[in-house]
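Visitor: no sequence for this one, just the structure:
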């Protein structure tokens, strides 16, 4: 993983060693790590706003 920062590599290693598979992060380099699913909080925010708008 060439583009991952050391701090994020530590996060990924701890996640994988402890059976955690999902991370909330805007850092797309987590998408490259097998066994980790990234959820972008910005996408979640946009979806929440869109669903509030459609509920009116």
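Guide: Nice, thanks for sending it over. Worth saying up front: this structure is predicted, and the values here are computed from it rather than measured. Numbers count the residues shown, from 1 in each chain.

Visitor: I'd like the distance between residue 34 and residue 7.
Guide: 19 Å (CB to CB, to the nearest Å). No exception for glycine: its C-beta is placed from N, CA and C like everyone else's.

Visitor: And residue 43, by the same measure?
Guide: Taking CB to CB as the measure, residue 43 and residue 7 are separated by 22 Å.

Visitor: Over to residue 48?
Guide: For residue 48, the distance to residue 7 - CB to CB - is 28 Å.

Visitor: With residue 16 instead?
Guide: For residue 16, the distance to residue 7 - CB to CB - is 15 Å.

Visitor: Which one of those two is surrounded by more residues?
Guide: residue 16 (14 against 8; other CB atoms under 10 Å).

Visitor: Report the secondary structure element holding that one.
Guide: In this assignment (DSSP states H and E), residue 16 forms part of helix 6-17.

Visitor: what sits up against that helix?
Guide: 1, 4, 20-21, 23, 27, 29-30, 33, 35-36 (CB atoms under 8 Å, 6 or more residues apart in numbering).

Visitor: If we go by neighbour counts, what in that helix is buried?
Guide: Residues 8, 11-12, 15 are the ones in helix 6-17 that count as buried (16 or more other CB atoms under 10 Å).

Visitor: try stretch 27-39
Guide: Result for stretch 27-39 [16+ other CB under 10 Å]: buried residues 29-30, 33, 36, 38.
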